[in-house]
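Chemist: What follows is a predicted protein model with its sequence.
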Number of protein chains: 2
Amino acid sequence: MLPRTQRQKEVLDYITRFLAKHGHEPSYSQIARNFGVSSKATIAKHITALEKRGLIKRDHQPGRFTLAVKVEEVPADAVCEVALLGRIAAGVPIDAIEDIEMICVPRFLFGRVRPERIYALRVKGDSMIDEHICDGDIALIESRTEARDGEIVVALIDRARATLKRLFRFGDEVELRPSNAQLEPIRVHASRVEIQGIFRGLMRPNA
Amino acid sequence: MLPRTQRQKEVLDYITRFLAKHGHEPSYSQIARNFGVSSKATIAKHITALEKRGLIKRDHQPGRFTLAVKVEEVPADAVCEVALLGRIAAGVPIDAIEDIEMICVPRFLFGRVRPERIYALRVKGDSMIDEHICDGDIALIESRTEARDGEIVVALIDRARATLKRLFRFGDEVELRPSNAQLEPIRVHASRVEIQGIFRGLMRPNA
DNA sequence: TGATAAAGAGATCAAGTGGTGAACGTCTTG
DNA sequence: CAAGACGTTCACCACTTGATCTCTTTATCA
């Protein structure tokens, strides 16, 4: 099942990312701080909601202390269907696509990520050529709003241009670095950048 | 089954796309806003229509409230199983591999070729790096003994070493040209070279 | 011409959402 | 033992959300 609301998904994303980065679950206070929320109760409610949806498990042990959360494992099935969302480039935001096509993708391409979180983008242009991602390739993207330094992300700048770039942070600023020696990195204030997903795999048709 | 009207299809498309991108269902208001419609009731009617057609499922949980929508799973035979034959490099001929794994591959990757003729190889080394075929990639190969000039082929030299290279002919001789500026082409008499297949597509896991 | 269906507007209602702050019990550490 | 830090629960608030009802407009078809 999926998170029901935007907020719930954000919280889940944060926990997932925190888990991957630190190897343990964040505390309620840490989550609250991250979202600029002053009450732990709010977080507790989100966690409860996520638990009801089966996306999280608590170590609710009576008597002893209680621990936070454990993200659910995904059942394996060889293939799944994902949406193929037109082209990405310096240009159109992803929203502005009318015809969505569904394509089949082998699960092993994106590891343990839940397939509901994956979508596909047709890559346009050679901005990631040094990563050997070419024009016409189909990139598999995990839908996330958080990213770690150095990951290849789908980023929306000023809610207008969607691009596939490597992400780095410098204080309040974000650097979107194309993997192409001929192109310049873009460096803007973090508030202008919205992360839409993370690069997880590649398919190249009919070469 | 198909949506009955244009509008219903638009709504369904929007939901599918939203689901793929955001990882959760849109609310009625969000859908309404997207279509410039001021009433949630209108959307509710479309959702009801789509549900009757079996294109959507509601989370109508007893006792608790009701939730949004889940797009139906569509199994398709747009997929086929092919053999994944270990690694190719300067090394073993392909025949001499005992451990054969089967993997699922979307058919659109290799166009009109019959799937029985396709097998997969794990690429080892960077000899085709200039074609943006990297170490660890999975190459889809059409099993053939003939090739045209300039095609990327799996070639067996002296019945011993299998390699992935571009093929060119010069009279009685055959040139196997790696796509890597640092490597030298191999040029041998045609009788020493056996073509085992032609490169048709690529998959890159878990990047 | 009249019947029917699709699309939409607007209002109402119960239940869930997102948030606050304050308590409480438990564990860890000084 | 006391001081924190932790997860949990409670009451309370404003708001959103899905469902449902009634009404209007428009188009299609017999």
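Modeler: Perfect, I can see it now.
Chemist: Please make it C-alpha for all contacts and neighbour counts, starting now.
Modeler: Noted.
Chemist: For the strand ranked longest in chain A, give me every contacting residue.
Modeler: Longest strand in chain A by number of residues (criterion: DSSP state E): strand A:193-204. With contact meaning C-alpha atoms under 8 Å, 6 or more residues apart in numbering or on different chains, strand A:193-204 is reached by A:109-110, A:133, A:136-147, A:151-159, A:174, B:21-22, B:109, B:201-207.
Chemist: Kindly provide the whole-number mean pLDDT of that strand.
Modeler: Per-residue pLDDT over strand A:193-204 has a mean of 89.
Chemist: the inter-axis angle of it versus strand B:193-204?
Modeler: 160 degrees (axes from the mean of the first three to the mean of the last three C-alpha atoms, to 10 degrees).
Chemist: Partner strands of strand A:193-204 and their direction?
Modeler: strand A:138-142 (antiparallel), strand A:152-157 (antiparallel), strand B:193-204 (antiparallel) (DSSP bridges).
Chemist: Can you give the distance from that strand to the centre of its chain?
Modeler: Chain-centre distance of strand A:193-204: 7 Å, with C-alpha atoms, centre = their mean, to the nearest Å.
Chemist: Return the alpha-carbon coordinates of that strand using PDB.
Modeler: Extracted in PDB, the C-alpha atoms of strand A:193-204 (Å, rounded to 0.1, in the frame of the first residue of the first chain):
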ATOM      1  CA  VAL A 193      15.200  23.200  -6.300                       C
ATOM      2  CA  GLU A 194      12.700  20.500  -5.800                       C
ATOM      3  CA  ILE A 195      13.800  16.900  -5.900                       C
ATOM      4  CA  GLN A 196      11.400  14.600  -7.700                       C
ATOM      5  CA  GLY A 197      13.300  11.300  -7.800                       C
ATOM      6  CA  ILE A 198      16.500   9.400  -7.800                       C
ATOM      7  CA  PHE A 199      18.100   7.600 -10.700                       C
ATOM      8  CA  ARG A 200      17.900   3.800 -10.100                       C
ATOM      9  CA  GLY A 201      18.600   2.000 -13.400                       C
ATOM     10  CA  LEU A 202      18.700   2.200 -17.100                       C
ATOM     11  CA  MET A 203      17.300   0.600 -20.200                       C
ATOM     12  CA  ARG A 204      18.500   1.200 -23.800                       C
END
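Chemist: what's the weakest-modelled helix or strand in chain A?
Modeler: strand A:67-71 (a mean of 59; mean pLDDT, DSSP states H and E).
Chemist: Pass me the low-pLDDT residue ranges in chain A, would you?
Modeler: Scanning chain A with the threshold set as pLDDT under 70 gives A:60-77, A:86-100, A:207.
Chemist: Would you tell me which helix is longest in it?
Modeler: Criterion DSSP state H: the longest helix present in chain A is helix A:6-22.
Chemist: what residues does that helix touch?
Modeler: Contacts for helix A:6-22 (C-alpha under 8 Å, 6+ apart): A:3, A:24-26, A:31, A:46, A:49-50, A:71, A:144-147, B:22-24.
Chemist: Check those for burial and list the buried ones.
Modeler: A:3, A:25-26, A:31, A:46, A:49-50, A:71, A:144-147, B:22-24 (16 or more other C-alpha atoms under 10 Å in any protein chain shown).
Chemist: from those, which are also near DNA strand D?
Modeler: residue A:26 (C-alpha under 7 Å from any atom of the strand).
Chemist: picking that back up, now, among the contacts of helix A:6-22, which is nearest to DNA strand D?
Modeler: residue A:26 (6.5 Å; C-alpha to the nearest atom of the strand).
Chemist: that older thread, now do the longest strand of chain A against helix B:6-22, angle only.
Modeler: Using the same axes, to 10 degrees: strand A:193-204 against helix B:6-22 is 100 degrees.
Chemist: what's near enough to touch the residue positioned nearest the centre of chain A?
Modeler: Centroid-nearest residue in chain A, with C-alpha atoms, centre = their mean: residue A:144, separated by 2.1 Å. Listed by C-alpha under 8 Å, 6+ apart, the contact set of residue A:144 reads A:13, A:117, A:195, A:196, A:197, A:198, B:22.
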